[in-house]
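Asker: the following block contains a protein sequence and its predicted model.
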Amino acid sequence: MAKFVARFAAIFLALLVAAAHPAAHAGPHEHGVASLELSVDGSTLLVRFSSPLDNLLGWERAPRNEQEQRQYAALRAELAQPAVILSIPEVAACRLESATVSDPHLKSSSDPHKDLEAEWNFRCGAAASLRTITINGFDRFKRLRRVDAFYALPGKSGKSRLTGRQRELKLP
């Protein structure tokens, strides 16, 4: 029951961030730009990353051949590991509990623009000591130019624009 309450609280905080910053979800699909939503509740850290597939693969359409299918499957498997996108300082003692990576091609939509979402749920031994998160994705994904980050911490929320030159999300 406690795990359910913690998960619900983390999701609720993430929804509050999205409501406070509607651009996180309602913004236009923009190549080169991704969003990162982060919420902390007690020892739970929930991180959601959303990006146009073009930033990650160089194309958004459904894979056309076996090689593209392998690339797409490899990307989704790679994003199950959050270190591809971000680094959490060891001092926070966070351990990945679950990861979910969407498959935008399973959704029936005529929209040619496809966004991939990854969600990582962590249990942290010292979540209160979390002061920074570093975005690593700029090195791996050359088409990624900017990450719009939104965060909700106990009693605090905010946003930051991160780039290859400014990769560190500073938390209050």
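Answerer: Great, that's in hand.

Asker: next SSE after the helix or strand bottoming out on mean pLDDT in the chain?
Answerer: Least confident helix or strand of the chain, by mean pLDDT, DSSP states H and E, is helix 23-26 with a mean of 42. Next helix or strand after helix 23-26 toward the C-terminus (DSSP states H and E): strand 33-41.

Asker: pairing partners for that next one, with directions?
Answerer: Strand pairing for strand 33-41, determined by DSSP bridges: strand 44-52 (antiparallel), strand 146-153 (parallel).

Asker: next one: that strand to chain centre, how far?
Answerer: Remark: strand 33-41 is offset 6 Å from the chain centroid, using CA atoms, centre = their mean, to the nearest Å.

Asker: same deal with stretch 143-156?
Answerer: Relative to where its chain is centred, stretch 143-156 has its mean C-alpha point 9 Å off (CA atoms, centre = their mean).

Asker: wait, which of the strands paired with strand 33-41 is closest to Ser160?
Answerer: strand 146-153 (4.8 Å; CB to CB). No exception for glycine: its C-beta is placed from N, CA and C like everyone else's.

Asker: now the helix or strand following that closest one - C-alpha only, PDB.
Answerer: Following strand 146-153 in sequence order, the next helix or strand is strand 156-163 (DSSP H and E). C-alpha atoms of strand 156-163 as PDB (Å, rounded to 0.1, in the frame of the first residue of the first chain):
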ATOM      1  CA  LYS A 156       9.100  24.100  -4.900                       C
ATOM      2  CA  SER A 157       8.700  23.900  -8.600                       C
ATOM      3  CA  GLY A 158      10.500  25.500 -11.600                       C
ATOM      4  CA  LYS A 159      11.800  25.100 -15.000                       C
ATOM      5  CA  SER A 160      15.100  25.400 -16.900                       C
ATOM      6  CA  ARG A 161      16.300  25.400 -20.500                       C
ATOM      7  CA  LEU A 162      19.200  23.000 -21.000                       C
ATOM      8  CA  THR A 163      21.600  22.800 -24.000                       C
END
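
Asker: much appreciated, bye for now.
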